[in-house]
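[1] Quick one, structure for this:
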Amino acid sequence: MTWIFLTIFAAFMQSWRNALQSKLSAHVSVAGVTLARFIVASPIAALYLLSLYRYQAAALPDFNPAFIGYIVGASVVQIVATGLMVKLFKMNNFAVGAGLAKSEALMAAILGVMFFGSALSLLGWFGVFIGAIAVLLLSGIANVKHFNLGTALLGLACGTSFALSSSWIREASLNSGLSFPHSAAWVLVLIISLQTVMLCFYIALKERDTFAKMWQHKGTTTAVSVCSCLGSIGWFSAMSLQHVAYVKTLGQIEVFFTIMVSILLLKQPLKRQDTAGLVLIALAAILVMLP
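    Below you'll find the model as predicted:
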């Protein structure tokens, strides 16, 4: 049951992180908003790892080629996925952008079955189908005149990138040579640290003024990073205990948190078809989780 509580906590924190990223994206570039997710998270993750070792001694991870490869791959793909999500925020309203990105759960199920040894029941595949319909509904297919293929494809690319990153995060944890929770904590620290270095290097070369803009909005930047780190602790831990497909489908509960955040914090109304799409995604998550 531990992975269930961790997933719900992660989904709650991610809904707030997404809302804060959406606000920050109005003032900071895509690269800056993406960096905001990691820049304060590294020391928090390191403190979490140190606390685990003080509570229970453990060995160091096995830095084998597979472990390192999954760490690097997950780091790069997650940066790409976060950048795509920020672009989604700019193309549609917050709740719809987050809903489109939730194709991650569907792609995690497909990738898991194809490459990572996961298995779904017939009822589970029906849930995947329902979720696919929901993603199309959120992209605007219910109104052909306003259907935006670019937004739909961007949402699918975002979800696929997040799904691949999540799958590699789980594989890194399994190849670390450590048991839970130390395995998940090491993967978290290494990935966040690598992502921070890569993004700082890129911004220093291409967008130096982005650092100044992030400092001008340091409160929001810090809040994004804290929410992101806490959510990542939940996601990484849950995925070290359970297949990604199950974690991500249960994580669809985030859509309800998203609705609450978009209405209460961002004051953004939802159209009827958007609400229906979000509800269908939640239904898909329930169907996939049933035995």
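[2] Next, the contact list for residue 182, please.
    49, 52, 53, 56, 58 (Cβ atoms under 8 Å, 6 or more residues apart in numbering). C-beta here means a position set from N, CA and C on the backbone, and glycine is covered the same way.
[3] Return the distance of it relative to residue 60.
    Using Cβ to Cβ, to the nearest Å, residue 182 is found at 9 Å from residue 60.
[4] among the contacts of residue 182, who's most crowded?
    Using other Cβ atoms under 10 Å as the neighbour criterion, residue 49 leads the contacts of residue 182 with 18 neighbours.
[5] helix or strand for the residue nearest to that residue when sequence neighbours are not counted, which one?
    Among residues not flanking residue 49 along the chain, residue 185 sits closest, at 4.4 Å (Cβ to Cβ, 6 or more residues apart in numbering). Using DSSP states H and E, residue 185 sits in helix 182-206.
[6] tell me which helix or strand of this protein sits lowest on mean pLDDT?
    helix 94-101 (a mean of 58; mean pLDDT, DSSP states H and E).
[7] So which bits of whichever helix or strand comes after that helix are buried?
    Downstream of helix 94-101, the next assigned helix or strand under DSSP H and E is helix 103-115. Within helix 103-115, the residues that count as buried by 16 or more other Cβ atoms under 10 Å are 103, 104, 105, 106, 107, 108, 109, 110, 111, 112, 113.
[8] mind putting these in CSV, pLDDT and distance to residue 210 included?
    As requested, the buried residues of helix 103-115 are exported to CSV (pLDDT from 0 to 100; distance: Cβ to Cβ, whole Å):
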residue, pLDDT, distance to residue 210
103, 72, 29
104, 76, 26
105, 74, 31
106, 76, 33
107, 83, 30
108, 80, 31
109, 78, 36
110, 83, 35
111, 83, 32
112, 80, 36
113, 79, 40
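[9] picking that back up, residue contacts, the residue nearest to residue 49?
    45, 48, 49, 52, 233, 236, 237.
[10] at 10 Å what do you get?
    Residues counted as contacts of residue 185 (Cβ atoms under 10 Å, 6 or more residues apart in numbering) are 45-46, 48-53, 58, 61, 173, 176, 178, 233, 236-237, 240.
[11] cool, residue 194 as well?
    Contacts of residue 194 by Cβ under 10 Å, 6+ apart are 38, 42, 71, 72, 74, 75, 76, 79.
[12] One more: residue 186?
    So residue 186 contacts 45, 49, 52, 58, 60-61, 63, 67, 71, 172-173, 176-178, 236 (Cβ under 10 Å, 6+ apart).
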